[in-house]
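Undergrad: my questions concern the predicted model and sequence given below.
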Amino acid sequence: MNRREFSLQLAGVAGAAALSGLGLPGLALASPSAPVEGADYDTLKTPIILPKTGKVEVIEFFWYGCPHCYAFEPTIEPWIAKLPADVHFRRVPAAFSALWETHQQIYFTWEALGLVDAMHAKTFDRFHKQRKPINSEDDMLKFAQESGLDVARVKKAWDSFDVHTRMGQAKALTDAYAVDGVPTIGIHGRYTTAPSKGGPEQCLATTDTLVAQLRKIA
């Protein structure tokens, strides 16, 4: 979902986005041919300089309110689970509006509390399966209580300088990768691809190919 789509669908998407299947669960399939720039992936006009760590960084830019991001989860999760040791994967919630910033704050609260593994899928389900979006702090604290979490601890993290710092860093990274829609995959400060470019499996196959090419400079 891109910025224009969001502005056109703001009222409906924030409340309840219907899941539309974007592919079957599974690992990325080998691409029958080399990825084509402009068709399968895009090259950043200004590369992001990353420190040499011996690992290729892969980022998934997403939004909890996005039905396409939700539909991508069954495909990307098993792919993440089988990534080699020299690939560093992380998620970055994008924020193209004040509402998106609230949704971004949810993820970084889970991250600050070490609860991403426990709460990430549950949060997506709340938006899209239960159709109960988390659009405010009150919504977040109610969700925390329903999930059996320490509500005071969640509120402290939600309001923390750490979480707001992460939100600022996410905005800078989203801008650096020139992300204008989600889900988008950013690859080691050089490339972006997305499920919109041929489907979820093709997106991850393209990512695998580009990661292999970047290993020598990581």
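TA: Thanks, I have the structure now.

Undergrad: what comes up buried for stretch 64-75?
TA: 64-73, 75 (16 or more other CB atoms under 10 Å). (C-beta placed from N, C-alpha, C; glycine too.)

Undergrad: revised request: answer the last question for stretch 201-213.
TA: Buried residues in stretch 201-213, counted by 16+ other CB under 10 Å: 201-211, 213.

Undergrad: circling back to that earlier point, out of the buried residues of stretch 64-75, which are inside helices?
TA: Counting by DSSP state H, the part of those found in helices is 67-73, 75.

Undergrad: in the residues you listed, find the pair that's most separated.
TA: Among those, the pair separated by the greatest distance (CB to CB) is 67 and 75, at 14.1 Å.

Undergrad: how about the strands in the chain?
TA: 42-43, 56-62, 87-93, 184-187, 191-193 (DSSP state E).

Undergrad: want to throw those into a markdown table with distance to residue 147, mean neighbour count and mean pLDDT?
TA: As requested, those are arranged in a markdown table below (distance: least, CB to CB, whole Å; neighbours: other CB atoms under 10 Å; pLDDT from 0 to 100):
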| stretch | distance to residue 147 | mean neighbour count | mean pLDDT |
| --- | --- | --- | --- |
| strand 42-43 | 38 | 14 | 98 |
| strand 56-62 | 20 | 23 | 98 |
| strand 87-93 | 19 | 18 | 98 |
| strand 184-187 | 28 | 26 | 98 |
| strand 191-193 | 33 | 23 | 98 |
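
Undergrad: closest one to residue 128 among the ones you listed?
TA: Per CB to CB, nearest to residue 128 of the strands of the chain: strand 56-62, 12.5 Å.

Undergrad: done for today, thanks.
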